[in-house]
Every structure is written in C-alpha cells, then in structure tokens.
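>>> Just the structure for this:
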Amino acid sequence: MTISTQIETGRPLRADARRNHERILEAAREVFADCGVDAQMDDIARRACVGVGTVYRHFPTKEALLVELVRQKFRVFAAGARTALERDGEPFEVFADVLRRNADVCARDAAIQHALSGVGEHIWAQAQAEYEQLNALTTELIARAQRAGAMRPDVLATDIAMLMCGVSSTMTHNAPGFDWHRHLELVIDMLRAR
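As a prediction, the model looks like this:
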C-alpha cells in the first residue's frame with residue numbers, strides 16, 4: 001500500500017513519512033512549474049532532497065503525483081467554500097470573497113496552475129470525487145446568493161469552474177493590459193443579478 005493510499009484511507013503516517021510526503025508535493029509544484037508536465041521524478045526527488053525511491057514509494061507514477069496535486073487544489077477550494085457557508089453576511093459578497101480568495105491561491109501558484117491545465121482528462125477524472133465535493137459546496141453558495149436575489153438565476157457551479165479557469169489563464173499571460181484582478185472583478189460583476 002502506498003503512502004498516498006494510506007492518506008486516503010485515513011491511516012496515520014509516521015512523522016518522517018508525513019514530512020517526506022509534503023516535501024515531495026512541494027518539490028513537485030516547483031518542478032512542474034519550472035518544467036511543465038515533462039518534469040521527471042528524478043528532478044522532483046533532487047528538489048525534495050529525498051531519494052527517487054522515496055518519491056516512488058509515495059507516488060508510484062508521475063500521473064499519481066499530478067493527480068494528488070489536482071486533488072489538493074480542489075480540497076483547498078472546498079475548505080474555503082465550507083468556511084464561507086458558515087459565515088454571515090450578504091450572500092453574494094460572501095461568494096465573491098470565495099472567488100477572490102481562490103484566485104489569490106491560484107496567483108501564488110500560477111505556474112503550476114498553468115502546468116496542470118495541460119494535463120490530460122484522465123488526470124482530472126481521477127480527482128472527480130474532490131471536484132464533485134467542490135461543486136456541491138459551490139452550488140450551495142450560489143443557491144444562497146440566488147435566493148437573496150443577488151446573483152443571476154441562471155448561474156451554475158460548472159460556470160464558476162469555467163470562469164475561474166479563464167481568470168487563472170490570465171495570470172500567466174504577460175501581454176500589456178492583461179490584469180487578472182480586473183478580469184476577476186469583471187467576472188464577479190457579470191454574476192450579479194441586475
């Protein structure tokens with residue numbers, strides 16, 4: 001059983017294994033950001049300061065490592081959505097704040113976001129459970145804002161995923177006038193009920 005599987009089944013990791021797991025994931029983010037999806041496991045091991053065998057014990061394939069990075073991103077976004085559902089405040093502004101926070105997370109990790117956008121559908125399909133959880137929470141946030149009359153009635157959670165992918169793509173585009181903050185605010189304004 002791999003370390004990744006142990007994490008998924010909820011069995012606790014030894015402290016050293018947990019540290020190695022996190023170092024590998026952090027190194028993978030950096031190496032994939034630098035090299036794209038062509039990055040090699042040897043490069044990740046060097047960056048993590050562990051042996052390549054340790055990387056393979058945690059993630060038996062590069063695909064498994066990419067899948068975990070996608071899953072982690074969805075988990076972070078889902079945690080933010082859960083927190084937002086517990087918050088008081090005007091529902092649309094709470095929702096807009098979630099989008100801004102998620103965009104900030106993506107901006108801090110823009111290069112890896114760009115690399116992950118180029119992976120095949122089979123990688124994203126393996127993060128389906130995390131994606132569905134995020135969509136369910138996003139749907140609750142949307143419904144709350146729509147019940148308050150503050151959000152367009154035709155907005156769906158899948159629309160938000162698509163719109164945020166567009167905002168993320170702006171983050172790595174260096175053409176004059178490309179400002180992801182402005183792009184995000186235009187998206188948010190478009191979602192408001194008129």
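>>> C-terminal to the helix or strand of the chain with the lowest mean pLDDT, what's the next element?
Sorting the helices and strands of the chain by mean pLDDT, DSSP states H and E puts helix 3-9 at the bottom, at a mean of 46. Next helix or strand after helix 3-9 toward the C-terminus (DSSP states H and E): helix 15-35.
>>> CA-only coordinates of that following helix, as CSV, when you get a sec.
Output of helix 15-35 as CSV, limited to C-alpha atoms (Å, rounded to 0.1, in the frame of the first residue of the first chain):
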residue,chain,number,x,y,z
ALA,A,15,6.1,11.8,11.2
ASP,A,16,9.1,11.3,8.9
ALA,A,17,6.9,9.8,6.1
ARG,A,18,4.5,12.7,6.5
ARG,A,19,7.3,15.2,6.2
ASN,A,20,8.7,13.4,3.1
HIS,A,21,5.2,13.4,1.6
GLU,A,22,4.8,17.1,2.0
ARG,A,23,8.4,17.8,0.7
ILE,A,24,7.7,15.8,-2.4
LEU,A,25,4.5,17.6,-3.1
GLU,A,26,6.1,21.0,-2.6
ALA,A,27,9.0,20.0,-4.8
ALA,A,28,6.6,18.7,-7.4
ARG,A,29,4.8,22.0,-7.5
GLU,A,30,8.1,23.8,-8.1
VAL,A,31,9.5,21.4,-10.7
PHE,A,32,6.2,21.1,-12.6
ALA,A,33,6.0,25.0,-12.5
ASP,A,34,9.6,25.2,-14.0
CYS,A,35,9.4,22.3,-16.5
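>>> Not counting it itself, show me its contacts.
3-4, 7, 13, 39, 43-45, 47-50, 54-55, 58-59, 65-66, 68-69, 72, 109, 111-112, 114-116 (CB atoms under 8 Å, 6 or more residues apart in numbering). Every residue, glycine included, has its C-beta placed from N, CA and C.
>>> Quick one: neighbours of residue 101, just the number.
When neighbours are defined as other CB atoms under 10 Å, residue 101 has 16 of them.
>>> Actually, residue 160.
Residue 160 has 22 neighbouring residues, counting by other CB under 10 Å.
>>> hang on, it is in a helix, isn't it?
Yes. The assignment for residue 160 by DSSP: H, G, I helix; E, B strand; the rest coil puts it in a helix.
>>> wait, isn't it in contact with residue 142?
Yes. Under the criterion of CB atoms under 8 Å, residue 160 makes contact with residue 142 at 7.4 Å.
>>> picking up where we left off before, helices - which of the contacts of helix 15-35 land there?
Taking DSSP state H, the ones among the contacts of helix 15-35 that sit in helices are 3-4, 7, 43-45, 47-48, 54-55, 58, 65-66, 68-69, 72, 111-112, 114-116.
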